[in-house]
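>>> Next come a sequence and a model predicted from it.
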There are 4 protein chains.
Amino acid sequence: LNPHKLQIMAKSRFEYVKKFEQDDRCLLGCWIVVRIDGRSFHKFTSEHLFAKPNDLSALKLMDVAACSVMEEFRDIIFAYGQSDEYSFIFDRKMSLFNRRSSKILTNLVSLFTSSYTYNWRIHFPNTELKYPPAFDGRVVLYPNTIVLKDYLSWRQADCHINNLYNTAFWEIVKSGKSHVEAAARLKDTFSSGKNEILFSEFGINYNKIEPRYRKGSCLFWIDKMTEKSPEGPDTVGEFITGGACKKPRVCREITVSHEDIISEVFWSNHPQILGQDIVNS
Amino acid sequence: LNPHKLQIMAKSRFEYVKKFEQDDRCLLGCWIVVRIDGRSFHKFTSEHLFAKPNDLSALKLMDVAACSVMEEFRDIIFAYGQSDEYSFIFDRKMSLFNRRSSKILTNLVSLFTSSYTYNWRIHFPNTELKYPPAFDGRVVLYPNTIVLKDYLSWRQADCHINNLYNTAFWEIVKSGKSHVEAAARLKDTFSSGKNEILFSEFGINYNKIEPRYRKGSCLFWIDKMTEKSPEGPDTVGEFITGGACKKPRVCREITVSHEDIISEVFWSNHPQILGQDIVNS
Amino acid sequence: LNPHKLQIMAKSRFEYVKKFEQDDRCLLGCWIVVRIDGRSFHKFTSEHLFAKPNDLSALKLMDVAACSVMEEFRDIIFAYGQSDEYSFIFDRKMSLFNRRSSKILTNLVSLFTSSYTYNWRIHFPNTELKYPPAFDGRVVLYPNTIVLKDYLSWRQADCHINNLYNTAFWEIVKSGKSHVEAAARLKDTFSSGKNEILFSEFGINYNKIEPRYRKGSCLFWIDKMTEKSPEGPDTVGEFITGGACKKPRVCREITVSHEDIISEVFWSNHPQILGQDIVNS
Amino acid sequence: LNPHKLQIMAKSRFEYVKKFEQDDRCLLGCWIVVRIDGRSFHKFTSEHLFAKPNDLSALKLMDVAACSVMEEFRDIIFAYGQSDEYSFIFDRKMSLFNRRSSKILTNLVSLFTSSYTYNWRIHFPNTELKYPPAFDGRVVLYPNTIVLKDYLSWRQADCHINNLYNTAFWEIVKSGKSHVEAAARLKDTFSSGKNEILFSEFGINYNKIEPRYRKGSCLFWIDKMTEKSPEGPDTVGEFITGGACKKPRVCREITVSHEDIISEVFWSNHPQILGQDIVNS
């Protein structure tokens, strides 16, 4: 036998190793949540001189990367982002990749990362990307809509708490204090205390700050015919995609808004997002 | 209570959702293999006009991305790449990320993707990256060294079979035949037949083709003092990193070579790679 | 050092092996179903001369074993049994054994088996148990009440289909035909055909057969004050336990009935079983 | 349509619920260990007046139950028992039940429990079994022989430590002290101290105590032709089964011995148990 024949035989002889792969399909009927987080972004943000407490370009770049992911994986019904993290919610009936956890997870993390890196130059035309950024990710399953909403509320409450702290911290720093002094000042304050500092010392009404910073970003699909964005307090709807209408029958666009999703108002204003077929379950 | 206090209370009220995360730690004592594959690379390679059957720049870019991953995650003891895929082997004793599968997997896939996108311009100075590329990944556990080597042999046998086919296919196409004709010509041929076609019709001795194309790329650590690369038939050792010596005591470099890893010769030439502490297990 | 000291040191040296145990906790928020099946019961029933198509003593013994399990694991809110199988439903909020799958599963299977063997003599006073019977088991998670009810409907539909077939089969056999002839007669008949055979040839109105045989057994808790069993068509409620009131505050008893659980009527008659706190989810 | 037809249609409509079952196959190439433990055996042993510190009948009943399991599941190559627990080791190449964890686990636990209950009367002719005993179980995977032996050593070291303590404890109690006094006496003693107490106060040389109590029980297969049991210090080989030769070609019997399995001597005396094909791995 010649060596090539031997190698083909070898290949089939070695193929048994595929059987060591383990099935990791997500339980049917559950909402699949993928959360992506920046890896070592403390270092990344300081190396790239991100504005503090919030860098608008960086947040918009996150939204763009998330939007690429939603455009590509159209079973994603909702995404929520804040700081260096993004959560994606898949329709609980979705069957993409046979619901295999690793496959879903790596595709999302990879495309998100790639899109972030690819679009860097557009959002940071004057800042060279010094090294490739990375994100990690995880899959979490939620068996019903109540817990799913609590998950999203948890992330938005986290956004609020961090942003209030950071806003106060950086105002104190900008006023001439050291990082240590600013931290000491805020230690043991409640939210009301931080609000008070911002208002009385820096003339800032926290509730007037950009909703984007206070609430994070909500991405979801709307019918293209609906030309107007949902309005109301704390709502800034902007259409960020125009080309999603690949098939005339599924003519829909992603919208990004910065709304309160802890309250039920958001969900009753957008009943199509989580669907109605299994009421509240 | 003011709204901010309510939201902080809310945050802790919502934190129970963390308990839905499931433990995915890799079984102790097993070799952890992460294999990364290009997503929709058939389309990607044609959109970016990759040379056929092999694009040297593209393969080198893969090696560079893999090298970034090894530099960052130094528990990786070996990596093997071919075409649009790369496999990374972790020391079986490693405890990075508490061996959590998702954490390991997403960090690798993300950094690989990011590095690929980031370094594109260096390897393709004249080809604009049209859209962000993506990779998926999986984790497989191998309980002993015999099966681990069979895994690597499986990937290298795959490289061989595909490359022989592709080499013959594209020679036939370059000679003026259509894709359909070329495929028909090769259908039902064995390796010997493809070798014969290459030799008699195109004057190509397949065994003289670049080892990189026939064997893929092997990345592993060598002590920096060892200035010479391992030599022998089919071996092309090139140092591709110079800066790995972060700590003087762990002064080692990644080397890339294109050798036969199916034969035991490679492993006995490099006994340090898989280690000796549990002989053959 | 003396040998005993060495062995104590050894014990702690060996204790690392505990770390190879893997976490198998059931996803929170899901209904946990454990289904137990007789192992090789075809052989077991013929060795012990079970009556055909149904052996009343054997079915009652199954109910008794299931009842022991419910008495011991009081987070079980419902159990359904037919033939040689039993399904147990745990409250979806239960935290017994930290929801560890193996722990839950083996405790149930073991106690069920033990109780079956232990109580054999009471139900089969004239039949020696020839060898120890065995059951296997599995855990399945259902994220919402709709799917859970469909699971139970699936088992009851299975009971119906098998019992109708078996009833017809054994009547034909008792009339003097061979097993092969009986099977041939029933091949390709629908339910209506089997009903027709039973009625026209054997004077049996299938719908008048014991509900226990047609519907299987439903076990659930009722308050002890409720002295009357739920009634209605197809319902035979019998109190089979008297001692469940261990604590005066949780004074409840298990009842067994043989009702239709595919229809919604059963569930709306017993709203306490699946609970109301998360409506329909 | 008649109701029966509807129920058949219903059955297939409900069958989707089977898809919620999750794959739990054990990783290939690993030793599969099933450990079974008595549930609430503290209560069980006192209710049934087990002799202290060791009840010979109870230990023999455990061995018999374990033997039933090995006779039935002939891929078990070794079992080790002590106190109210038993560990079963499957050949690492075994494919029984497609290596599904729940299936393997529940079959073993159920048959063990059943056999224990069934054979109670033979070993306790004068003690009524007051209620059905139960056992729980778990599956643990060990990727190589070194760790597997360490697992077994861990269980035997545990046997030693507990038995030495219990032997001393019950001698003190028999001499007229209370349980509290006996515990206080032994608190903070090392092995040497307990040996010293046994020897100087009760004239007991611990090393002369029955190997069964000090070492636990080892069950493994030997060829029937080998009429003699393995001998040496601490070895008591007894044939406990006579009927294992179902097929003339696989004529082998289970032997039970009470030997030291922490030392390598046992394993080199019985090289056939763990096999030689992957040396030490």
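In hand now; what should we look at?

>>> how near is A:Trp120 to B:Thr127?
18 Å (CB to CB, to the nearest Å). (Glycine included, C-beta is placed from N, CA and C.)

>>> Comparing the two, which residue is more hemmed in?
A:Trp120 (23 against 14; other CB atoms under 10 Å in any protein chain shown).

>>> Let me see the contact set for that one.
Contacts for A:Trp120 (CB atoms under 8 Å, 6 or more residues apart in numbering or on different chains) come out as A:Leu61, A:Leu129.

>>> Try it again at 10 Å.
Applying CB atoms under 10 Å, 6 or more residues apart in numbering or on different chains to A:Trp120 gives the contacts A:48, A:57-58, A:61, A:64-65, A:127-129, A:132-133, B:117-118.

>>> Now a PyMOL select for only the buried ones of the residues you listed.
Of the contacts of A:Trp120, the buried ones can be selected in PyMOL as follows, counting by 16 or more other CB atoms under 10 Å in any protein chain shown:
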select buried, (chain A and resi 48+57+58+61+64+65+129+132+133) or (chain B and resi 117+118)
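
>>> Can you name the residues that contact A:Glu28?
If you look again at residue A:28, you'll see it is Leu, not Glu. Taking CB under 10 Å, 6+ apart, one finds A:92-93, A:95, A:99, C:141-143, C:147, D:16-17, D:19-22 in contact with A:Leu28.

>>> what about A:Asn166, distance to A:Gly176?
18 Å.

>>> Of the two, give the one with the bigger neighbour count.
Ranked by neighbour count (other CB under 10 Å), A:Asn166 and A:Gly176 place A:Asn166 first, with 17 against 7.

>>> so does the one helix or strand A:Ser115 maps to get close to chain B?
According to DSSP states H and E, A:Ser115 maps onto helix A:101-118. Yes. Judged by CB under 10 Å from any CB of the partner chain, helix A:101-118 comes into contact with chain B through A:101-118.

>>> pLDDT below threshold where in chain A?
Under the criterion pLDDT under 70, the flagged ranges of chain A are A:1-8, A:10, A:225-250, A:276-281.

>>> Going by neighbour count, list what's buried in stretch A:205-212.
A:Tyr206, A:Ile209, A:Pro211, A:Arg212.

>>> just those residues that are near chain B?
Subset of the buried residues of stretch A:205-212 in contact with chain B: A:Tyr206, counting by CB under 10 Å from any CB.

>>> Now secondary structure and distance to chain D too, for the buried residues of stretch A:205-212, in a markdown table please.
Shown next, in a markdown table, are these (DSSP: H, G, I helix; E, B strand; the rest coil; distance: CB to the nearest CB, whole Å):
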| residue | secondary structure | distance to chain D |
| --- | --- | --- |
| A:Tyr206 | helix | 47 |
| A:Ile209 | coil | 46 |
| A:Pro211 | helix | 41 |
| A:Arg212 | helix | 40 |
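
>>> List just the nearest of the buried residues of stretch A:205-212 to chain C.
Among the buried residues of stretch A:205-212, A:Pro211 lies closest to chain C (CB to the nearest CB), at 31.1 Å.

>>> The closest one and A:His258 touch, don't they?
Yes. At 3.8 Å, A:Pro211 counts as touching A:His258 under the criterion of CB atoms under 10 Å.

>>> Please spell out the ChimeraX selection for the buried subset of the contacts of A:Leu28.
The buried residues among these can be selected in ChimeraX (16+ other CB under 10 Å) with this line:
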select /A:92,99 /C:141,142,143,147 /D:17,20,21,22
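
>>> If you tally nearby residues, what's the number for the residue in the stretch 1-150 of chain A that chain D sits nearest to?
Scanning the stretch 1-150 of chain A for the residue nearest chain D gives A:Asp23, at 3.8 Å (criterion: CB to the nearest CB). As a burial measure, A:Asp23 scores 11 neighbours (other CB under 10 Å).

>>> if we can go back for a sec, how far is the helix holding A:Ser115 from where the chain is centred?
For helix A:101-118, the distance from its own C-alpha centre to the chain's C-alpha centre is 12 Å (CA atoms, centre = their mean, to the nearest Å).

>>> tell me the angle of it relative to helix B:101-118?
30 degrees (axes from the mean of the first three to the mean of the last three CA atoms, to 10 degrees).

>>> For the next helix or strand after helix A:101-118, what is the distance to the chain centroid?
Remark: after helix A:101-118, the chain's next helix or strand is helix A:120-123, criterion DSSP H and E. Distance of helix A:120-123 from its chain centroid, counting by CA atoms, centre = their mean, is 18 Å.

>>> do the same with stretch A:143-151
17 Å.

>>> which parts of it are buried?
Buried residues in stretch A:143-151 (16+ other CB under 10 Å): A:Pro143, A:Asn144, A:Thr145, A:Val147, A:Leu148, A:Lys149, A:Asp150, A:Tyr151.

>>> Does it reach chain C?
Yes. Judged by CB under 10 Å from any CB, stretch A:143-151 comes into contact with chain C through A:Pro143, A:Asn144, A:Thr145, A:Ile146, A:Val147.

>>> Now do the third one against B:Gly137, distance only.
If I follow you right, that is A:Thr145. Separation of A:Thr145 from B:Gly137 (CB to CB) stands at 31 Å.

>>> right, and A:Tyr16 touches B:Asp150 too?
Yes. Contact criterion CB under 10 Å: A:Tyr16 and B:Asp150 qualify, at 7.4 Å.

>>> Show me what the residue nearest to the spatial centre of chain A is bridged to.
The structure's chain A has its C-alpha centroid closest to A:Tyr86; by CA atoms, centre = their mean the separation is 1.7 Å. Note on A:Tyr86: beta-bridge partners by DSSP bridges are A:Ile36, A:Gly81.

>>> Apart from its neighbours in sequence, what residue is nearest the residue of the stretch 1-150 of chain A found nearest chain C?
The nearest approach of the stretch 1-150 of chain A to chain C comes at A:Pro143, 3.4 Å away (CB to the nearest CB). Closest residue to A:Pro143 apart from its sequence neighbours, by CB to CB, 6 or more residues apart in numbering or on different chains: C:Pro143 at 3.4 Å.

>>> List the residues that contact that neighbour.
A:27-31, A:92, A:141-144, A:147, A:278, A:281, C:27, C:29-31, C:92, C:281, D:20.

>>> Filter the residues you listed down to just the ones in strands.
If you go by DSSP state E, the contacts of C:Pro143 have A:Trp31, A:Leu141, A:Tyr142, C:Trp31 in strands.

>>> Save those as CSV, and put in distance to chain D too.
What follows is those, written out as CSV (distance: CB to the nearest CB, whole Å):
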residue, distance to chain D
A:Trp31, 15
A:Leu141, 12
A:Tyr142, 16
C:Trp31, 10
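
>>> which other helices and strands contact the strand or helix carrying A:Leu198?
According to DSSP H and E, A:Leu198 maps onto helix A:191-202. For helix A:191-202, the packing partners by 3 or more CB pairs under 10 Å, 6 or more residues apart in numbering or on different chains; DSSP states H and E come out as helix A:145-174, helix A:179-186, helix B:3-14.

>>> So which of these is nearest C:Glu196?
Closest to C:Glu196 of the helices and strands packed on helix A:191-202 is helix A:145-174 (CB to CB; 47.4 Å).

>>> wait, isn't A:Ala79 in contact with A:Leu219?
Yes. Between A:Ala79 and A:Leu219 there is a contact under CB under 10 Å: 4.1 Å.

>>> Please enumerate the shared neighbours of the two.
Counting by CB under 10 Å, 6+ apart, the contacts common to A:Ala79 and A:Leu219 are A:Asp63, A:Ala66, A:Cys67, A:Val69, A:Met70, A:Tyr86, A:Phe88, A:Ile89, A:Ile254, A:Val256.

>>> Reduced to three states, what does the fifth one come out as?
It stands for A:Met70. Three-state call for A:Met70 (DSSP: H, G, I helix; E, B strand; the rest coil): helix.

>>> That one contacts A:Ile76, correct?
Yes. Counting by CB under 10 Å, A:Met70 does reach A:Ile76; the two are 4.9 Å apart.

>>> about what we covered before: how close does the residue nearest to the centre of chain A sit to A:Val256?
Distance of A:Tyr86 to A:Val256, computed by CB to CB: 12 Å.

>>> any common contacting residues for those two?
In contact with both A:Tyr86 and A:Val256: A:Asp63, A:Ala66, A:Ala79, A:Ser217, A:Leu219, using CB under 10 Å, 6+ apart.
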